[in-house]
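Q: Just a sequence and a predicted model for now, questions to come.
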Amino acid sequence: MIILSIETSCDETAVSIIKRTRGKNMRFEVLSNKILSQIDLHTKYGGVFPMLAKREHAKALTQLIAEALNEADLLVERANAYHLPMSEKNKLKKILEREGDMFEAMLVMFEGIQKPAIDAIAITTGPGLEPALWVGVVGAMALNTVWGIPLYPINHMEGHIIASMLHNDDGLYELAPVEYPACALLISGGHTEIVRMPKLRSYHVIGNTRDDAVGEAFDKVARMLSLPYPGGPQISALAEKARNESITVSEELRLPRPMINSGDLFLSFSGLKTAVLTRLKKHETITDEIKKMVSLEFENSVTDVLVAKIKQAIYETRAKTLIVGGGVSANTHIRKALKELSESEGFTLYVPEKDLSTDNGLMIAATGLLHIEYEKKPRVKLEADGAWSVADC
Ligand code: KG4
Ligand code: ZN
């Protein structure tokens, strides 16, 4: 069983190819894992613009698929000139009717190489930026139409959960034997959710943000401090510096811990962002010292709130395990705080490998494999759904 995945939900175009090997727990090998980041482009504009992201995905996707196939040793060029039958060409044209350049690129690929030995295609259909998602979806539909390979629609947030459950055993991945009930904390650029998992593949959202996502708050605060996009790693680095230099945050730069005592599992980060802005406005110049203090205080505030909410969620659900996923789970300070909590509260903590924290194709391929092993039926008709909740996947 070989699975190719496509991920285009935000600002990374990603294609991954994995191969199921013998063994328990979904053991698989990674044949290729390609990521093309649009970060440089978005840094220029200070954030991700959906139509810009979409255009870049459309430019990159076909080439990335070919590169992944090549790396996986699955690309076989045709010996003789070949032309797609007119009926197939028309179908392809219809699928890619809004993506003229992608149609041309895909046609060259289909006519130039033989059908590869891929058994399934896992495609992120949501949640995310809908125009960006559509590029991946129509690309996957094109492969399905011409090569007849079944499609598995994958929820991006489920992908983040599964990424955290992967155990890397000398280059081979396995699904960790998680003890249930479990809780998942999903913290990314678009989402902040606490999910109850009574068993594998069962997701109930029991808490979420009322406004901004954690990653979004990191990015916005970074912008206020004139730090480049994405802001999370930048803020994290400055906060770490401040800790190493034992800097004390001055009284007037202290920040609230929003909703920390609300008694429920809701979170809110929009007010925190505004609080940063009000404090910064009192200063004529934002010195490096101020940047360090704000980064430290902001990261501490976010961490305090997340730890408090998770402590409550673990208590309420009697979870034996916490699975942390999404781009913000790359944050060293948050990881450390959750590790300490897991030790004091006695639950097992799963965090993704650093490379698998932020968006990637491997997590989508692994989730596809999970669906196949759970005999979830593939769907041929697909739609991008920007708001698809993990609870409904
Ligand atoms: O999961 P992800 O790659 O994309 C989405 O699905 O949104 O998450 C991206 C988010 C960005 O907001 C980025 O600033 C944040 O993850 N991020 C971090 C760190 N690395 C990435 N936030 C805090 N600390 C980090 N080290
Ligand atoms: Zn993500």
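A: Looks like it came in fine. Ligands and ions are numbered 1, 2, ... in the order given.
Q: and the stretch 251-393 of the chain, which of its residues are near ligand 2?
A: Residues of the stretch 251-393 of the chain found near ligand 2 (Cβ under 5 Å from the ion) are residue 359. Glycine gets a C-beta too; all of them are placed from N, C-alpha and C.
Q: show me where pLDDT drops low in the stretch 251-393 of the chain?
A: 380 (pLDDT under 70).
Q: how much space between residue 312 and residue 344?
A: From residue 312 over to residue 344 the distance is 14 Å, taken as Cβ to Cβ, to the nearest Å.
Q: higher neighbour count, the two?
A: residue 312 (16 against 9; other Cβ atoms under 10 Å).
Q: Who are the contact partners of the more buried one?
A: residue 265 (Cβ atoms under 8 Å, 6 or more residues apart in numbering).
Q: start the count at 15, not 1, going forward
A: Sure thing, new numbering starts at 15, so read that last one as residue 326.
Q: close to ligand 1, is whatever helix or strand it lives in?
A: Counting by DSSP states H and E, the element that carries residue 326 is helix 302-331. No: interface with ligand 1: helix 302-331 contributes nothing (Cβ under 6 Å from any ligand atom), its closest point being 7.8 Å away.
Q: so how far is that helix from its chain's centroid?
A: Put simply, helix 302-331 sits 21 Å off its chain's centre (Cα atoms, centre = their mean, to the nearest Å).
Q: Can you mark which positions in that helix are buried?
A: For helix 302-331, a neighbour-count test (16 or more other Cβ atoms under 10 Å) marks 304-317, 319-324, 326-328, 331 as buried.
Q: gap between the residue lying farthest from the centre of the chain and residue 88?
A: Distance from the C-alpha centroid of the chain, by Cα atoms, centre = their mean, peaks at residue 94 (40.6 Å). Distance, residue 94 to residue 88, by Cβ to Cβ: 20 Å.
Q: next one: residue 203
A: Distance of residue 203 to residue 88, given as Cβ to Cβ: 32 Å.
Q: quick one: which of those two has more around it?
A: residue 203 (25 against 20).
Q: Now name the helix or strand holding the more buried one.
A: In this structure, residue 203 sits in neither a helix nor a strand according to DSSP H and E.
Q: Now do the contacts for it.
A: 24, 62, 227, 229-230, 233, 244, 340-341.
Q: The nearest residue in space to it that is not next to it in sequence: neighbouring residues, count only.
A: Nearest residue to residue 203 in three dimensions, chain neighbours excluded: residue 229, at 3.7 Å (Cβ to Cβ, 6 or more residues apart in numbering). Neighbours of residue 229 under the rule other Cβ under 10 Å: 25.
Q: tell me the mean pLDDT over the helix or strand hosting residue 229?
A: Assigned by DSSP H and E, residue 229 falls within helix 228-238. Helix 228-238 shows an average pLDDT of 97 in the prediction.
Q: ditto for stretch 76-85
A: 98.
Q: Show residues contacting it.
A: With Cβ under 8 Å, 6+ apart, stretch 76-85 has contacts from 18, 20, 27-31, 45-48, 50, 89, 116, 119-120, 123, 127, 130, 153, 157.
Q: try 6 Å this time
A: Where contact means Cβ atoms under 6 Å, 6 or more residues apart in numbering, the residues beyond stretch 76-85 that reach it are 27, 29, 31, 46, 48, 50, 89, 119-120, 123, 130.
Q: Restrict that stretch to CA atoms and write it as PDB.
A: Output in PDB follows, covering the C-alpha atoms of stretch 76-85 (Å, rounded to 0.1, in the frame of the first residue of the first chain):
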ATOM      1  CA  THR A  76       2.300  19.600 -10.400                       C
ATOM      2  CA  GLN A  77       6.100  20.000 -10.200                       C
ATOM      3  CA  LEU A  78       6.100  19.000  -6.600                       C
ATOM      4  CA  ILE A  79       4.100  15.800  -7.300                       C
ATOM      5  CA  ALA A  80       6.600  14.900 -10.000                       C
ATOM      6  CA  GLU A  81       9.500  15.600  -7.700                       C
ATOM      7  CA  ALA A  82       8.000  13.400  -5.000                       C
ATOM      8  CA  LEU A  83       7.300  10.600  -7.400                       C
ATOM      9  CA  ASN A  84      10.900  10.800  -8.600                       C
ATOM     10  CA  GLU A  85      12.300  10.800  -5.100                       C
END
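Q: Many thanks, we can stop here.
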